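> Next comes the sequence, and after it the predicted model I'd like to discuss.
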Amino acid sequence: MTGDADKIPAVGKAVHDSARDLVGRVMGHEGPYVQLRPLAGGREWDADPDRLRLLTPTELLSALVTEANVRSRQHR
């Protein structure tokens with residue numbers, strides 16, 4: 001994404017942060033950064049909007065299935 005305000009992903013969108021190689025959901029915007037949280041919840045982190053890209057529907061589904069599998073293994 002570019003740093004332009006109209007290119008910053010909206011709150012609630014799922015994105016890939018290439019700086020950390022992590023997937024997260026946009027929780028807000030603070031100064032020049034976007035706040036992201038893991039899809040399954042957890043600690044937020046600040047991300048550079050220039051390093052973000054929206055997930056495709058297929059990528060989002062894959063990430064959600066991965067999170068569900070991790071959670072199911074933790075409860076055994």
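That came through, no problem. Numbering: from 1, shown residues only.
> and the longest strand for this structure?
The longest strand of the chain (DSSP state E) is strand 22-30.
> which other helices and strands contact that one?
Packing partners of strand 22-30 (3 or more C-beta pairs under 8 Å, 6 or more residues apart in numbering; DSSP states H and E): strand 14-17, strand 33-37, strand 45-47. (Glycine included, C-beta is placed from N, CA and C.)
> got the contact list for the second one?
Right, strand 33-37. Contacts to strand 33-37, defined as C-beta atoms under 8 Å, 6 or more residues apart in numbering, come from residues 8-9, 15, 17, 22, 24-29, 43-49, 52.
> hmm, back to that, now for the helices and strands packed on strand 22-30, which one comes closest to residue 58?
Among the helices and strands packed on strand 22-30, the nearest to residue 58 by C-beta to C-beta is strand 14-17 (11.7 Å).
> mind listing what that closest one pairs with, with the direction of each?
Under the criterion DSSP bridges, strand 14-17 sits next to strand 22-30 (antiparallel), strand 52-54 (antiparallel) in its sheet.
> which residues are contacting it?
The contact list for strand 14-17, computed with C-beta under 8 Å, 6+ apart, reads 9, 22-26, 34, 36, 39, 45, 47, 51-55, 59-60, 63.
> roughly how far out does it sit from the chain middle?
On the basis of C-alpha atoms, centre = their mean, to the nearest Å, strand 14-17 sits 4 Å off its chain's mean C-alpha point.
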